[in-house]
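Predicted coordinates and the sequence they were generated for:
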Amino acid sequence: MFSRINDEGDKYMPARKLFIMSIVLLLMLMSVTLSVTAQTATPIPDPNATILFPPPVYVVRGEFTIYGSANLANMTGWFLEVQPIVPAGTTPEPPWEPVTLRNRSAVLNGELGKWDTTLVDDGLYTMRLNISLSGGANTFVLVSPLRVENNPPPFAVVLPTQIAPTLALPTLQPTPTTISSEPQVTANLNANVRKGDSTLYETVGALQRNETAPVLGISSLGTGWFLIRLPNGVQGWVSPTVVTATGNFNNVPRVLPPPLPTATPVPVTATPASSVNLVAGNFRFDPPSPTCSQTFNIYMDVANFGSSTSPSGVISVQDFRRADGSFQTSTVGAFPPIAPGQTINVGPIPLTVSTFHSEEHRLLMTVDGNNAIFEFNEGDNVKEAIYFLQKGPCP
């Protein structure tokens, strides 16, 4: 009798083991789902900044299209990025990896970009729409979790490849300020407009704060200055440090500015009793080798060789791709009043460059970049650096 019972038990043992393994697998999947749910971020309630597709808890594979909107009134640029989801407490936290290049054009209920998921490992990810706003702030829209599954397990049911969805999109209210696709600039302050792409040229007019002007061209010398047309029809050049550029710049021509004006000898006069002369001095990067999509800090010495105290001001930093002189990004740093004969070290001035890695970049650092401080000599306010942008986490 005992032998018969043992024989029957051995007969059903594989089915019992399979049942127990199924229960364990189900519990593991439930724990992963709970962990992922805890990391899911609630998107901001703004239909002009959202990822409409894919939704959370979605399986993606191959090259996948992302749909949504990046259409904020004060937007200066945006891009998509992803981050692997790891167990809570993992250090260091994995970096965000760009999915698309930075884009300055507004998108409303359309294609934001494509994600080639074959470039990353299978697993769970958070996707983020990173929108830069005028003034240096950023807005983030997150979708999480998304499962990359280019190598599905044998028991998985594989759905057909993605078909562009017919989205049941919400009815959006008009954007408070329409973003034109035409290239244009809006003044962040009362800005001088000059005959050429430098403060060495004389002024031909001014663009008042919040006033907009169409862009006719960009300096072919790599300074980043815009050739614009003022409301009165006068054409002139304005610095990118004092305006916000919007619209599609893909077809904006490169324009050669006029030659620098020839200095006219002037009679030697007594040095003014009260004068300022700011001078850009030594600088350094921290870390010394900038890396794509990783912030590095700039430190610069600023001296006052004048005879009176300088008011506080800003250092404007502009980054250009050296291969074609195209403007990439910019930032500013502030300095306090500087006494005559005094030298101060300004920094940190943070800068993040996320385009054209593994290439040389040209950095222009201009003391009093918005030209707000009167100086008797403005020819020593600029420092230039050529550096190689390391690849880092960029695709």
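Arrived safely.

Can you give me the distance of E359 to P153?
With distances taken as CB to CB, to the nearest Å, E359 is found 41 Å from P153. Any C-beta I mention is one placed from the backbone N, CA and C, and that applies to glycine too.

which regions of the chain lie under the pLDDT threshold?
Low-confidence segments of the chain (pLDDT under 70): 1-45, 154-180, 262-274.

And stretch 363-372, what's buried?
L363, L364, M365, T366, V367, D368, G369, N370, N371 (16 or more other CB atoms under 10 Å).

ah, wrong one, I meant stretch 52-72
Applying 16+ other CB under 10 Å to stretch 52-72 flags 52-54, 56, 60-61, 64-72 as buried.

So what would you say the end-to-end distance of that stretch is?
Using CA to CA, to the nearest Å, the span of stretch 52-72 from its first residue to its last is 16 Å.

same thing with stretch 193-206?
In stretch 193-206, first residue to last residue: 5 Å (CA to CA).

With stretch 72-90 instead?
Start-to-end span of stretch 72-90 (CA to CA) is 34 Å.

Buried residues of it, list them for me.
So, applying 16+ other CB under 10 Å, buried residues of stretch 72-90: 72, 74-85.

nearest to P257, of the residues you listed?
T76 (24.4 Å; CB to CB).

coming back round to it: quick one: which of E359 and P153 has more around it?
Between E359 and P153, counted using other CB atoms under 10 Å, E359 has the larger neighbour count: 13 against 7.

can you tell me how far the more buried one sits from F283?
Distance, E359 to F283, by CB to CB: 21 Å.

before we move on, the earlier item: please tabulate the buried residues of stretch 72-90 in JSON lines and include secondary structure as additional columns.
Below are the buried residues of stretch 72-90 laid out as JSON lines (DSSP: H, G, I helix; E, B strand; the rest coil):
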{"residue": "L72", "secondary structure": "coil"}
{"residue": "N74", "secondary structure": "coil"}
{"residue": "M75", "secondary structure": "strand"}
{"residue": "T76", "secondary structure": "strand"}
{"residue": "G77", "secondary structure": "strand"}
{"residue": "W78", "secondary structure": "strand"}
{"residue": "F79", "secondary structure": "strand"}
{"residue": "L80", "secondary structure": "strand"}
{"residue": "E81", "secondary structure": "strand"}
{"residue": "V82", "secondary structure": "strand"}
{"residue": "Q83", "secondary structure": "strand"}
{"residue": "P84", "secondary structure": "strand"}
{"residue": "I85", "secondary structure": "coil"}
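
okay if I get these as JSON lines plus distance to S330?
Formatted as JSON lines, those follow (distance: CB to CB, whole Å):
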{"residue": "L72", "distance to S330": "19"}
{"residue": "N74", "distance to S330": "16"}
{"residue": "M75", "distance to S330": "16"}
{"residue": "T76", "distance to S330": "10"}
{"residue": "G77", "distance to S330": "11"}
{"residue": "W78", "distance to S330": "16"}
{"residue": "F79", "distance to S330": "16"}
{"residue": "L80", "distance to S330": "22"}
{"residue": "E81", "distance to S330": "20"}
{"residue": "V82", "distance to S330": "26"}
{"residue": "Q83", "distance to S330": "26"}
{"residue": "P84", "distance to S330": "31"}
{"residue": "I85", "distance to S330": "33"}
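
end to end, how far does stretch 94-105 reach?
One end of stretch 94-105 to the other measures 29 Å (CA to CA).
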